[in-house]
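Asker: Fold the following.
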Amino acid sequence: METATTTRIEAMTAQIGRMNLLAVSGGRRQIVSETIMDLPVNQGYRVRVIYNRVPDLYTVQRILRRGMKEWVKGEVVNVFCDELGEAVYGASCYRSYPVVRDNRWADN
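Answerer: Model (predicted):
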């Protein structure tokens, strides 16, 4: 039996793409909530994908986690579903580079 949470997470996974998911996190994913999914990368970094229901867009963040503290190291907002895979892959890379349209990684 599918719930709304699994349906949304599966849709996010499909929009990211299987090969991007394997390249970013080796296929691992952590479901934080109904609209938030974390992909562990390396050395405490993770890519967080947040679905925004009202404008039907995504936010992709590069997160550094040490212990129980988290820092947002970069983000791209207002990502369309067809650009999600590229934005997630860009977030997983060590160095920032332009990804989606005119949005650039805002390194913090």
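Asker: mind checking how far stretch 57-65 is from the chain centre?
Answerer: 5 Å (Cα atoms, centre = their mean, to the nearest Å).
Asker: Also stretch 66-81?
Answerer: 8 Å.
Asker: surely residue 92 meets residue 22?
Answerer: No. Assessed by Cβ atoms under 8 Å, residue 92 is found out of contact with residue 22, at 11.2 Å. (Each C-beta comes from the backbone N, C-alpha and C, glycine too.)
Asker: out of the two, which sits in the more crowded spot?
Answerer: Set residue 92 next to residue 22 and count neighbours by other Cβ atoms under 10 Å: residue 92 wins out with 20 against 11.
Asker: contacting residues around that one?
Answerer: 23, 24, 25, 39, 41, 45, 47, 62 (Cβ atoms under 8 Å, 6 or more residues apart in numbering).
Asker: mind redoing it with 7 Å?
Answerer: 24, 41, 47 (Cβ atoms under 7 Å, 6 or more residues apart in numbering).
Asker: Which ones among these lie within strands?
Answerer: Per DSSP state E, strands hold the following members of the contacts of residue 92: residue 47.
Asker: Residue 30: which of the contacts of residue 92 is nearest?
Answerer: residue 47 (10.6 Å; Cβ to Cβ).
Asker: Please compute how far stretch 78-92 lies from its chain's middle.
Answerer: On Cα atoms, centre = their mean, the centre of stretch 78-92 falls 7 Å from that of its chain.
Asker: Pull out the buried positions in that stretch.
Answerer: By 16 or more other Cβ atoms under 10 Å, the buried positions in stretch 78-92 come out as 79, 83, 84, 85, 86, 87, 88, 89, 90, 91, 92.
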